[in-house]
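Enquirer: The following comprises the amino acid sequence and a computationally predicted model.
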Amino acid sequence: QLSGNWGEKRKGYHAITRSSELFFRSVCLFLLLCTRPCNLPLNYVCTTQHCFDHEKLVRFTLSVRKNYHKVPYHNWWHAFNVAHCMYRMLDHEQEIFTELERQALIIACICHDLDHRGYTNQFMVKYETALASLYSTSVMEQHHFNQTVTILQQDGHNIFDHLTSDVYKQVLGYIRHYILATDLAQFFSNHKQVTRFCADQTFNIENTYHRNKLQAIMMSACDLSACAKTWPVQKKTVEIIYEEFYAQGDLEKKKGGVPLPMMDRDNAHNLPKEQVNFLRIFCEPLYGTLAVIFPHLSPLLENTKDNIHKWDNLAHGRPTTMWEVETSRIEKD
Ligand SMILES: O=c1ccn(-c2cccc(C(F)(F)F)c2)nc1-c1ccnn1-c1ccccc1
Ligand SMILES: [Zn+2]
């Protein structure tokens with residue numbers, strides 16, 4: 001059930017330890033801050049149409065968290081990290097996106113993997129799951145958006161119910177576009193378009209199509225941001241990602257299927273090589289393009305390059321240390 005009877009939950013809510021309560025209040029304050037124009041004092045009482053009711057935001061965030069599964073990677077912490085990455089990305093670019101776009105980007109991030117079961121779209125389609133019978137493309141991403149709308153429609157959860165019906169439709173349209181953009185199958189076409197605009201210097205942030213494509217790759221950049229974290233975080237997160245991949249591969253073998261090499265734990269010795277390929281094919285081009293448009297994001301590209309270098313060392317049996325990354329940075333400066 002998406003969210004239990006709030007009355008009972010409130011008793012349950014107060015049973016949660018104080019630290020969890022403080023954590024969720026900080027999440028909501030963070031979400032409120034994400035949408036506060038940066039030049040306003042903290043105690044600003046919103047008078048514009050685009051302000052969240054704090055109690056609804058707490059209730060909405062708790063229900064979103066409740067609808068993430070306890071799977072190794074695609075859990076609430078992943079959603080929170082993706083939203084935090086978007087917050088830091090927008091922190092420098094408050095002026096180029098509208099307040100409504102900024103709110104939709106942050107909410108799309110915390111909701112973008114709602115009810116993920118730890119299986120890829122390919123797996124859901126191949127084994128003819130119920131969800132795959134509902135959606136022909138972007139199966140999980142369409143489900144994640146559907147879950148978002150369903151939570152918004154719960155009593156006391158609609159954080160956008162202060163908007164006019166036109167603006168409400170607009171913000172849900174934004175959120176749908178942003179969540180569907182996290183389907184890796186959409187990445188190449190989205191990225192290719194933005195790269196083309198940059199190459200022929202026709203990129204125009206005022207052009208709706210250009211704007212939508214940029215926001216799509218920003219969603220990908222936040223979703224894949226584990227690849228652009230420093231080596232200890234990248235290495236630990238990849239171990240967790242592959243724990244989920246191998247669980248899918250194990251289930252596929254149980255069903256008599258043959259998993260992708262990347263999902264097959266018998267192929268774990270090739271993990272460093274798989275990572276070099278994934279980072280080179282998806283992440284380096286992605287953070288490279290974003291660094292051209294938003295120079296303050298260049299550390300994401302630098303970290304990705306460092307991570308490729310370190311996975312490549314591991315793939316070739318060369319020792320690799322944290323010091324080496326620092327040295328390479330010093331040499332460059
Ligand atoms: O570190 C990774 C290595 C491989 N993949 C991957 C994922 C799917 C398909 C493919 C395929 F290449 F097969 F299409 C590769 N994702 C990640 C990664 C880094 C951050 N998020 N995710 C992620 C993204 C999506 C799903 C799971 C994890
Ligand atoms: Zn994700």
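Expert: That came in fine, so what should we check first? Residues are numbered from 1 along each chain as shown. Ligands and ions are numbered 1, 2, ... in the order given.
Enquirer: can we go C-alpha only for contacts and neighbour counts from here?
Expert: OK.
Enquirer: Now the residue of the stretch 201-333 of the chain found nearest ligand 1: closest residue in space, sequence neighbours ignored.
Expert: Nearest residue of the stretch 201-333 of the chain to ligand 1: Leu224, at 3.9 Å (CA to the nearest ligand atom). Distances taken as CA to CA, 6 or more residues apart in numbering place Cys283 nearest to Leu224, at 7.4 Å, with adjacent residues excluded.
Enquirer: pretty sure that neighbour is touching Ala226, no?
Expert: No. Counting by CA atoms under 8 Å, Cys283 does not reach Ala226; the two are 10.0 Å apart.
Enquirer: Might you report the residue contacts of the residue nearest to Leu224?
Expert: Ala221, Leu224, Cys227, Ala228, Thr304 (CA atoms under 8 Å, 6 or more residues apart in numbering).
Enquirer: From those residues, which land in strands?
Expert: Taking DSSP state E, every one of the contacts of Cys283 sits outside strands.
Enquirer: one step back: for the residue of the stretch 201-333 of the chain closest to ligand 1, give me the pLDDT.
Expert: As predicted, Leu224 sits at a pLDDT of 98.
Enquirer: Now it. Its backbone dihedrals?
Expert: Phi and psi for Leu224, reported as degrees, to the nearest 10, are phi -100, psi 10.
Enquirer: which residues touch the most centrally placed residue in the chain?
Expert: With distances taken as CA atoms, centre = their mean, the residue of the chain nearest its centroid is Asp223 (3.2 Å). Contact partners of Asp223, counting by CA under 8 Å, 6+ apart, are Val82, Cys109, Thr182.
Enquirer: Adding secondary structure and neighbour count, write the residues you listed out as JSON lines.
Expert: Formatted as JSON lines, these follow (DSSP: H, G, I helix; E, B strand; the rest coil; neighbours: other CA atoms under 10 Å):
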{"residue": "Val82", "secondary structure": "helix", "neighbour count": "25"}
{"residue": "Cys109", "secondary structure": "helix", "neighbour count": "28"}
{"residue": "Thr182", "secondary structure": "coil", "neighbour count": "26"}
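Enquirer: Redo these as JSON lines? Include pLDDT and distance to Asp250.
Expert: JSON lines is the format used below for the contacts of Asp223 (pLDDT from 0 to 100; distance: CA to CA, whole Å):
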{"residue": "Val82", "pLDDT": "96", "distance to Asp250": "28"}
{"residue": "Cys109", "pLDDT": "97", "distance to Asp250": "29"}
{"residue": "Thr182", "pLDDT": "98", "distance to Asp250": "25"}
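Enquirer: what are the ranges of the helices in the stretch 101-250 of the chain?
Expert: 121-126, 130-134, 139-152, 165-180, 184-199, 208-223, 231-254 (DSSP state H, counting those that start in this stretch).
Enquirer: Out of the ones you listed, flag the one nearest Pro261.
Expert: Distance to Pro261, taken as CA to CA, is lowest for helix 231-254 among the helices of the stretch 101-250 of the chain, at 8.8 Å.
Enquirer: in that closest one, what counts as buried?
Expert: Within helix 231-254, the residues that count as buried by 16 or more other CA atoms under 10 Å are 231, 234-235, 237-238, 240-250, 252.
Enquirer: same question, stretch 288-301
Expert: Gly288, Thr289, Leu290, Ala291, Ile293, Leu297, Ser298, Leu300, Leu301.
Enquirer: Surely the last one and Val292 touch.
Expert: No. The pair Leu301 and Val292 fails to qualify as a contact (CA under 8 Å) at a distance of 10.3 Å.
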